Structures are given as C-alpha cells and as structure tokens.
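>>> how would this look folded up:
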Amino acid sequence: MFRVITVEREYGCGAAEIARELAQRLGWRLWDQNLTQEIAKLANVDPKAVARCDEHVDSTIHRLGKVFWRGSYERSLPIRGIEAFDTDRMVALVQEVIQRAAAQGNCVVVGRGAPYFLRERADAFHVFLYAPRAEKMRRIRDAGKSEEEAEELLDTVDRDRIAFIKHYFNADWPTRALYHLMINTTIGDARVVDMILEMMRSLQASPAPV
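Numbering: from 1, shown residues only. Below is the predicted model of the structure:
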C-alpha cells in the first residue's frame, strides 16, 4: 500500500500545482513550501531567508544548496541570517523532515531529493514530471516572469539540481530507475493527476513479484 508520493520535476513544468491537486484529491498532506518553513524552524533561520536565498552567490557549495529552494516563482533577495545555513546542515534537516513525514504517511512530497532519501521505502510511489521548453516558458510567463527571467531560470535551475544530486547522491538527475512513472505535463494537470492515481491503484492491485 502506497502511503507516500514523491514528485520530482523539471523546473517550470507545473509540478507545484499538480502536487497540490493530487494531495487535495487524496486528502493527504502536501509537503512543498511548508517543508521550507519546517526546515527554517529547525535551523532557526527566517523562512524568507531560506526560500529567497541569493541565487547569484559564486560559491559552489552555496549554489548547490540553493537547489532545494529554487523553483518557486519568487525573486531571490539577500536576507540577513542565511549565511550560517550551509548546505550540509540543510541536507541533514531535509532528510530528517522527509523521513519523518514518510513515517507518518499519507503525504505528497515535492522535490528536495525526496525520491533519493526514500528510495528504500516500499510504500513510496515516485513520479517525475517534465515538459518541453516551450510549455515551461509559457507556464513561467503566466506566473508573471518576463521572457528574460524565464529563460534564465530554465537555463540554471535544473542544471543546479543535476549538480546537487551528483554531489550528494553520486547519481544522475533524473535517475530514471527510481520512478514508477514519468509524465509529460502538456497533457494537462488534471490528466496528470488521473494518471498518477490510476498507476498507483493498478500497482497496488497487482500481486507482488516473487
């Protein structure tokens, strides 16, 4: 029985909205921006400092650390308090929160390395969402970004995610073998949610392989 869904995604493909609808349909808890708040609380850091950390710091380790928090449609702002929040500390806290959420069950977790942290859990269903660049550009522009901002985000966010996964898990991103389902979101958010739920139910109804 699946009790956890992880949603990994390409930036701009609409995963936040899809995960929200998925959690609502199931009546499960959504861990997305509230995960950011939980990490900030544990680290004793202002949530705004975590969510809006500077996206243009040159340090490689800080750049990798930003991967967890980029992906919202907010502009980054340098806020006092983020300097002491290093990436290793963040990763340890993220793992703690995600594993605790998974143990409680009935939750949808967006990004933050969740499929890697929970890869040994038989009750976790892993989804990867993607879309063509034109569709991602459309979604980002619809969220209020300029053409230039959208281009910059598409050129950098997923590149940083690739670097993060390589650094902390020595794996490629996406690691296709982790996922039960990979979906192109151009089919529409509601249909993506339908496909996820249908596949989950199908797998749960099938006998376990010997």
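
>>> pull out the buried positions in the lengthiest helix in the chain.
Using DSSP state H, we find that the single longest helix of the chain is helix 147-169. Buried residues in helix 147-169, counted by 16 or more other CB atoms under 10 Å: Ala150, Leu153, Leu154, Thr156, Val157, Asp158, Asp160, Arg161, Phe164, Ile165, Tyr168. Heads up, the C-betas are built off the backbone N, CA and C, glycines and all.

>>> just stretch 193-210 next, same as before
Using 16+ other CB under 10 Å as the test for burial, stretch 193-210 gives Val193, Ile196, Met199, Met200.

>>> which of those residues fall in helices?
Short answer: those in helices (DSSP H) are Val193, Ile196, Met199, Met200.

>>> any stretches of the chain with poor pLDDT?
For the chain, the stretches flagged by pLDDT under 70 are 45-86, 207-210.

>>> just the buried residues of stretch 193-210 now: which is nearest Gln99?
Set against Gln99, the nearest of those by CB to CB is Met200 (20.8 Å).

>>> I figured the closest one hits Phe125, correct?
Yes. Look at Met200 against Phe125 with CB atoms under 8 Å: they come within range, at 5.4 Å.

>>> hey, where'd the strands end up in this protein?
Along the chain, the segments classed as strands by DSSP state E run 4-9, 29-31, 107-110, 124-130, 181-184.

>>> JSON lines for these, including mean neighbour count?
Listed next are the strands of the chain as JSON lines, based on neighbours: other CB atoms under 10 Å:
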{"stretch": "strand 4-9", "mean neighbour count": "26"}
{"stretch": "strand 29-31", "mean neighbour count": "20"}
{"stretch": "strand 107-110", "mean neighbour count": "25"}
{"stretch": "strand 124-130", "mean neighbour count": "23"}
{"stretch": "strand 181-184", "mean neighbour count": "16"}
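
>>> these: which one's closest to Met137?
Closest among the strands of the chain, once you apply CB to CB, is strand 124-130, at 13.8 Å.

>>> mind listing the helices for the chain?
Using DSSP H, the helices of the chain run over 15-26, 33-43, 47-51, 60-65, 87-104, 114-117, 133-142, 147-169, 189-205.
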